[in-house]
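Asks: Test case, fold it:
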Amino acid sequence: MKAAHDDLAQLRKSYERAALDEEASEADPFKQFEAWLAQAIDAKLPEPNAMTLATVGPEGRPSTRVVLIKGLDARGIVWYTNYDSRKGRELAAHGFAALQFHWVELERVVRIEGRVEKVSEEESDAYYASRPLDSRIGAWASPQSQVIGSRAVLVAAAARYSAQFLLNPPRPPHWGGFRLEPDRWEFWQGRPSRLHDRLRYRLEDGTWLRERLAP
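Replies: Here you go, the predicted structure:
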């Protein structure tokens, strides 16, 4: 029987949906990102707000996971998590990170790099209060990234905190938001013959410089 991986080298896709050039792109990368994100949402892609977050631990070992963007403004990109999780601990040890959006159906990738800081207590409180009750309880019940004996541990913890807090759980002190303040962006648009369009923006002396990169 032929193994599935035998065909991996033959998997190919021709990217032909769109182009990305300097004249058609925004001078401000935040505006360019807002336009692409809006197009991904309008196209009804599955979870257009999903992004890969890459961090580095104190020993220099990188790790990635998927999180959801929950805020965007001139200050940067926001997501929420358990501060005691692996990503939270790695960001505390090394305050830089990278994000990547991959909108497969639009043949687009956005890569973002920058310094990461916690959002204000007020911002974390406001977002936590907007979450469904089960999600608010889950933030208490899950010791994220820690080894547990079984799923029953989570179910029991959720029941315990539900009984304790009823309909008004406060935000856990170990849970809140991070904001990545970009100093580099890259917008990738798939093109035929692997001659993809790549526009990079980097911050220099307070000004965004736009550069084309070879694919």
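
Asks: Export stretch 127-140 to CSV, keeping only CA atoms.
Replies: The C-alpha coordinates for stretch 127-140 follow below in CSV (Å, rounded to 0.1, in the frame of the first residue of the first chain):
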residue,chain,number,x,y,z
TYR,A,127,-12.8,41.9,27.7
TYR,A,128,-13.2,39.2,30.4
ALA,A,129,-16.6,40.6,31.3
SER,A,130,-17.7,40.3,27.6
ARG,A,131,-16.9,36.6,27.4
PRO,A,132,-19.6,33.9,27.8
LEU,A,133,-20.0,32.6,31.3
ASP,A,134,-18.6,29.2,30.5
SER,A,135,-15.4,30.8,29.1
ARG,A,136,-15.0,32.9,32.2
ILE,A,137,-15.3,29.9,34.4
GLY,A,138,-12.9,28.0,32.2
ALA,A,139,-10.2,30.7,32.8
TRP,A,140,-10.4,29.7,36.5
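
Asks: mean confidence score for it?
Replies: Confidence for stretch 127-140, expressed as mean pLDDT, is 97.

Asks: For that stretch, which outside residues touch it?
Replies: Stretch 127-140 is contacted by residues 70-71, 80, 82, 157-158, 161-162, 165, 167, 169, 171-172, 175-177 when judged by C-beta atoms under 8 Å, 6 or more residues apart in numbering. The way it works is simple: take the backbone N, C-alpha and C, and place the C-beta from them, glycine included.

Asks: If burial is judged by neighbour count, which of those residues pass?
Replies: Taking 16 or more other C-beta atoms under 10 Å as the criterion, what is buried in the contacts of stretch 127-140 is 70, 80, 82, 157-158, 161-162, 169, 171-172, 175-177.

Asks: Just the residues you listed: which are in strands?
Replies: 80, 82, 175-177 (DSSP state E).

Asks: With respect to H102, which of those is nearest?
Replies: Minimum distance to H102 across these is 20.9 Å, recorded for Y80 (C-beta to C-beta).

Asks: middle-most residue in the protein, spatially?
Replies: By C-alpha atoms, centre = their mean, the chain has its centre lying nearest to M51, at 3.2 Å.
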